[in-house]
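Student: need a structure here:
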Amino acid sequence: MRLAPVLALTALILAAAPAFAEPVARISGGNVALRSGPGHHYRVIGALADGTNVVLDYCTTDDEWCHVAGTGWVDASWVVGWSAKIAVTPPSFLSDPTVDRWLY
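Tutor: Residues are numbered from 1 along each chain as shown. Presented below is the predicted three-dimensional model:
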């Protein structure tokens, strides 16, 4: 009888496991430049080969640059994996949160 709650808890944990998975994406393009910052004006510090799987730390809200864990920044147009990108991109708001619209 005590086995049923343990099995139920195990099933719940296994079902939630994908939600805790690392945001893995793939590089699509030959020798994509890896940069020291999020922009083309930053220095190139390496390259990522086509098909390389990467773990993302952060993507800019404009979806232009993504930070690859432990390395550097890559142009997001070369990163395939929408679910990985969205998981590490902070939300952007359509309006300016500093303006109180209710005052007008």
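Student: all contacts plus neighbour counts: C-alpha atoms, from now on.
Tutor: OK.
Student: how about the strands in the protein?
Tutor: With DSSP state E as the criterion, the chain has strands at 24-27, 32-35, 44-48, 53-59, 65-68, 73-75, 79-80.
Student: so which of these comes closest to Ala87?
Tutor: For the strands of the chain, proximity to Ala87 was assessed by Cα to Cα; strand 53-59 is nearest, at 8.5 Å.
Student: Starting from that closest one, tell me which strands it pairs with and how they run.
Tutor: strand 24-27 (antiparallel), strand 65-68 (antiparallel) (DSSP bridges).
Student: got a pLDDT number for Leu34?
Tutor: At Leu34, the model reports a pLDDT of 95.
Student: ok, now which ones touch it?
Tutor: Leu34 sits next to 44-48, 71-74 when contact means Cα atoms under 8 Å, 6 or more residues apart in numbering.
Student: Quickly note the distance from it to Ala47.
Tutor: Separation of Leu34 from Ala47 (Cα to Cα, to the nearest Å): 5 Å.
Student: Could you do Val55 as well?
Tutor: Counting by Cα to Cα, the gap from Val55 to Ala47 is 15 Å.
Student: Check Ala33 too.
Tutor: Plainly put, Ala33 is 5 Å away from Ala47 if you go by Cα to Cα.
Student: Compare neighbour counts for those two and give me the winner.
Tutor: More crowded of Ala33 and Ala47, by other Cα atoms under 10 Å: Ala33, with 20 against 14.
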